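Trainee: based on what follows, work out the 3D shape:
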Amino acid sequence: MTKIKICGLSTTEAVETAVKSGADYLGFVFAKSPRQVTANQAREITKTIPETVKKVGVFVSPTPQEVEAVIKVAGLDFVQVHGEPLTKTVSVPIIQAVSIRKTATLPKPGIEEYLLLDAPPSKYMGGNGEVFNWQAVDPTELPQEKLFVAGGLTSENVRDAIRYFKPLAVDVSSGVETDGKKDMKKITAFCQAVKEETHVSATNN
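Mentor: Here you go, the predicted structure:
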């Protein structure tokens, strides 16, 4: 069953909508971005979420010390790293983000436990609403049970992404926004589309 990650959350309303709609992972951006939050803000807006819903901190080329400080304050369960990978392990599992261009060179396994495929960065790392070239990647060569797929996903195209990659989770940020703000109806629609596709896949197998 494909899991759901709603990223770039910054309000209690969006967090609660994501949880109610069935999100498994909530993403909080601690790097420079219009969606950036502080560790204290992330902790505050996630006070009431169930333990089954995991908090993911998003960083760009951080130091292990920076990451550990945020993990402690925000109560993170995972960290997602764009740019330069961490040089050593931290106290929670690492999701290494990789930008896919026309051709893809996947990194050799390192200290990260999970892999996230994303579109190439523009002004900011991730969350740019662009779909990368899926055909640049052979899904059978990927660790599908530890794979997150992002990059321009919406309620309209997420079913195709699930069929093509068969990932652990699909990840959305700008695809559930209107005018740069999280749209509660779009969050609900995205989660519903994932659940419907997962149900169809399970029924057909």
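
Trainee: nearest the geometric middle of the chain, what residue?
Mentor: Asp171 (4.0 Å; C-alpha atoms, centre = their mean).

Trainee: what separates the helix or strand hosting that residue from the chain centre, distance-wise?
Mentor: Taking DSSP states H and E as the criterion, Asp171 maps to strand 169-172. Relative to the chain's own centre, strand 169-172 is displaced by 5 Å; criterion: C-alpha atoms, centre = their mean, to the nearest Å.

Trainee: rewinding a little: any idea how far the residue nearest to the centre of the chain lies from Lys5?
Mentor: Distance of Asp171 to Lys5, computed by C-beta to C-beta, to the nearest Å: 4 Å. To be clear about C-beta, it is placed using only N, CA and C from the backbone, and glycine gets the same treatment.

Trainee: anything in contact with each of the two?
Mentor: Tyr25, Gly27, Phe148, Ala150 (C-beta atoms under 8 Å, 6 or more residues apart in numbering).

Trainee: check what contacts the helix or strand harbouring the third one and list those residues.
Mentor: I take that to be Phe148. Using DSSP H and E, Phe148 sits in strand 147-149. Residues outside strand 147-149 that contact it (C-beta under 8 Å, 6+ apart): 5, 95, 114-117, 161, 165, 167-171.

Trainee: avg pLDDT for that strand?
Mentor: Mean pLDDT, computed over strand 147-149, is 97.

Trainee: so what strands line up beside it?
Mentor: strand 114-118 (parallel), strand 169-172 (parallel) (DSSP bridges).

Trainee: the ones you listed into a markdown table, with extra columns for mean pLDDT and distance to Pro34?
Mentor: Output for the strands paired with strand 147-149, formatted as a markdown table (pLDDT from 0 to 100; distance: least, C-beta to C-beta, whole Å):
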| stretch | mean pLDDT | distance to Pro34 |
| --- | --- | --- |
| strand 114-118 | 94 | 17 |
| strand 169-172 | 98 | 16 |
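
Trainee: please identify the most buried of those strands.
Mentor: strand 169-172 (a mean of 28; mean count of other C-beta atoms under 10 Å).

Trainee: for that one, list the C-alpha coordinates in PDB.
Mentor: Provided in PDB are the C-alpha atoms of strand 169-172 (Å, rounded to 0.1, in the frame of the first residue of the first chain):
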ATOM      1  CA  ALA A 169       5.400   6.700  -0.700                       C
ATOM      2  CA  VAL A 170       4.400   9.600  -2.900                       C
ATOM      3  CA  ASP A 171       5.400  13.100  -1.800                       C
ATOM      4  CA  VAL A 172       3.500  16.300  -2.600                       C
END
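
Trainee: walk me through which strands whatever helix or strand comes next after it pairs with, and which way each runs.
Mentor: Counting by DSSP H and E, the next helix or strand C-terminal to strand 169-172 is strand 177-178. Sheet pairing of strand 177-178 (DSSP bridges) gives strand 181-182 (antiparallel).

Trainee: leaving out the residues flanking it, which one is nearest to Val79?
Mentor: Take Val79 and drop its neighbours on the chain: the residue closest to it by C-beta to C-beta, 6 or more residues apart in numbering is Gly57, 4.9 Å away.

Trainee: next, the angle strand 114-118 makes with the helix or strand hosting the one you found.
Mentor: Gly57 belongs to strand 54-60 when assigned by DSSP H and E. Strand 54-60 and strand 114-118 are oriented at 60 degrees to each other (axes from the mean of the first three to the mean of the last three C-alpha atoms, to 10 degrees).
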